[in-house]
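Peer 1: give me a model of this one.
(one chain, ligands or ions: 2)
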Amino acid sequence: MSDCLFCRIASGDIPAETIYENEQVLAFRDINPQAKAHALIIPKKHLDSLNDLNQTEDGLLAGLLRAAQDVAKALGIDQSGYRLVSNCGPDARQSVHHLHFHVLGGETLSDRMV
Ligand code: 5GP
Ligand code: ZN
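Peer 2: Residues are numbered from 1 along each chain as shown. Ligands and ions are numbered 1, 2, ... in the order given. Okay, here's the model as predicted:
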């Protein structure tokens, strides 16, 4: 999808600071970090949100979660701790409609989830 920001990042069309990459997924630094360490993990293939993941994509879902471990290690926050968040839909204020997980850490995060 050429009009999708994260598809354009995945294709290299728009630059981003890559943290981790494999065949299925790409992780890069968030342009507007909400914590000292803030990365985004996306599937290279376009899916709008978590709602688009069906059973045939369980492998991709596992790959995204597995990548969170690699990203946390690469950011040096795997032992200090991190939070994994995926905003889905309007109430969650999803602003980029390409499935992504936020990896947040590098400091003690708010005790509020919302
Ligand atoms: P959402 O609100 O959809 O859960 O998260 C979208 C995230 O994408 C936001 O945290 C925002 O800062 C990040 N973002 C938006 N545009 C860009 C961009 O061009 N490059 C990068 N690296 N991050 C972006
Ligand atoms: Zn996309």
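
Peer 1: could you pull out the strands for this protein?
Peer 2: 18-21, 25-29, 37-43, 82-85, 101-105 (DSSP state E).

Peer 1: redo the ones you listed as TSV? Include mean neighbour count and distance to ligand 2.
Peer 2: For every residue, glycine as well, the C-beta is placed using N, CA and C. As requested, these are exported to TSV (neighbours: other Cβ atoms under 10 Å; distance: least, Cβ to the ion, whole Å):
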stretch	mean neighbour count	distance to ligand 2
strand 18-21	17	16
strand 25-29	21	11
strand 37-43	23	8
strand 82-85	16	19
strand 101-105	23	14
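
Peer 1: look at Ser2 and report its pLDDT.
Peer 2: Note for Ser2: predicted pLDDT of 81.

Peer 1: my error: substitute Asp58 in the last question.
Peer 2: 95.

Peer 1: with the one 5 residues further on instead?
Peer 2: As predicted, Gly63 sits at a pLDDT of 97.

Peer 1: flag every residue of the protein that's near ligand 1.
Peer 2: 5, 16, 28-32, 40, 87, 93-96 (Cβ under 6 Å from any ligand atom).

Peer 1: what's the neighbour count on the spatially closest residue to Cys4 that is not a sequence neighbour?
Peer 2: Once flanking residues are discounted, Cys4 sits nearest to His98: 5.2 Å by Cβ to Cβ, 6 or more residues apart in numbering. For His98, the count of nearby residues is 22 (other Cβ atoms under 10 Å).
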